[in-house]
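In: Sequence plus predicted model, see below.
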Amino acid sequence: MNRENKKKSLEKGYYKKYSCKESFVCKVCGRTVVSEGAGSKHRNHCPYCLSSKHLDNEPGDRGAMCGGIMEPISVWVRKNGEWAIIHRCRICGALSSNRIAADDNPMKLMSLAMRPVSLPPFPLERIEEMTKAMGGDGELKW
């Protein structure tokens, strides 16, 4: 049974109550993703490329009609120290937060975490000049 038919045949909120043990093929990297190894009852993104599919408006409701690719754009750390991935839908722009899985690619996670540092909104060559303009002495003391 394909995902669309299953979505129609199951009662509302089914995925909130029951774990999802289905495997799927990632629409971005083409790898087969299995539920084992995630460390939770719900696999909500590809552990290789960290992409997802826009299925839910609220966790587990399968109410999103968009079906677009949810691309990983950032990570954040929750109050308890747990990391989560911020996804943005390529079609409708919806944002969501998904906790990382135990088998997620650590290099992809670190790459997301370092993106703001490696791509600052200003030229690094001008950091001393900008520091002086903001009232600092402009010298970087290492």
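Out: Right, received. Where do you want to start?

In: OK, contacts around the most centrally placed residue in the chain?
Out: The chain has Ile85 as the residue nearest its centroid, 3.4 Å off, counting by CA atoms, centre = their mean. Ile85 makes contact with His45, Leu50, Pro72, Ser74, Val75, Ser97, Asn98, Arg99, Ile100, Leu109, Leu112, according to CB atoms under 8 Å, 6 or more residues apart in numbering. Yep, even glycine has a C-beta here, placed from its N, CA and C like the rest.

In: Going through the residues you listed, which ones are buried?
Out: His45, Leu50, Pro72, Val75, Asn98, Arg99, Ile100, Leu109, Leu112 (16 or more other CB atoms under 10 Å).

In: need the contact list for the residue nearest to Arg115 when sequence neighbours are not counted.
Out: Sequence neighbours aside, Ser74 is the residue nearest to Arg115 in space, at 7.0 Å (criterion: CB to CB, 6 or more residues apart in numbering). By CB under 8 Å, 6+ apart, the residues touching Ser74 are Ile85, Ile86, Leu112, Arg115, Pro116.

In: Can you give me the buried ones in the longest helix belonging to the chain?
Out: The residue-count maximum for a helix in the chain (DSSP state H) belongs to helix 106-118. Of all the residues in helix 106-118, those buried under the rule 16+ other CB under 10 Å are Lys108, Leu109, Leu112.

In: Skip the chain neighbours and tell me the closest residue to the first one.
Out: It refers to Lys108. Nearest one to Lys108, counting by CB to CB, 6+ apart, is Leu50 at 5.2 Å.
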